[in-house]
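> Using only what follows, build the 3D model:
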Amino acid sequence: MKFQLDEPVGGNSISRHDAGKVWINDELHTQSMLVPWRGAVQNWPLARFEDLTPAHFEQVLTLKPELVIFGSGQRLRFAHPHLYSALITARIGIETMDLGAACRTYNVLASEGRNVLAALLIET
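Below is the predicted model of the structure:
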């Protein structure tokens with residue numbers, strides 16, 4: 001049986017993650033970021049979970065995803081729904097996971113060609 005790695009053609013792929021570090025398309029990132037299925041990775045100006053504001057999730061809207069995977073850092077923490085109410089209003093799904101699970105889930109969904117975006121919190 002032949003195994004073949006599914007990777008998004010022309011899209012972003014998270015190749016590795018570690019405490020405080022994420023490699024996207026083999027490029028190291030050490031700050032919070034927005035990773036769309038296709039297009040440039042964007043800086044997400046956020047250093048601590050406690051600093052989350054509605055504006056952080058409003059920035060996601062400009063990328064027009066169908067689904068957002070929120071990587072809440074090294075441990076699973078849920079943001080209050082009022083913080084991402086703009087996503088709810090726009091009928092964009094959001095799932096919260098720790099950083100590792102968010103990276104893995106993003107890759108699976110992106111490899112299926114889904115219009116997914118990873119919002120990854122890297123705490124400094």
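> How about the secondary structure of the residue lying closest to residue 42 once chain neighbours are set aside?
Using CB to CB, 6 or more residues apart in numbering and skipping residues adjacent in sequence, the residue nearest residue 42 is residue 34, 4.4 Å away. Where C-beta positions appear, they are placed from N, C-alpha and C, glycine not excepted. Assigned by DSSP: H, G, I helix; E, B strand; the rest coil, the conformation of residue 34 is strand.
> Quickly find the element holding the closest residue to residue 100 other than its chain neighbours.
With sequence-adjacent residues excluded and distances taken as CB to CB, 6+ apart, residue 100 is closest to residue 17, at 5.9 Å. In this structure, residue 17 sits in strand 14-18 according to DSSP states H and E.
> Check the offset of that strand from the chain's centre.
Once both centres are worked out by CA atoms, centre = their mean, to the nearest Å, strand 14-18 turns out to sit 12 Å from its chain's centre.
> which residues of the chain fall in strands?
Shown for the chain, the strands assigned by DSSP state E span residues 14-18, 21-24, 27-29, 33-36, 42-43, 67-71, 93-97, 116-120.
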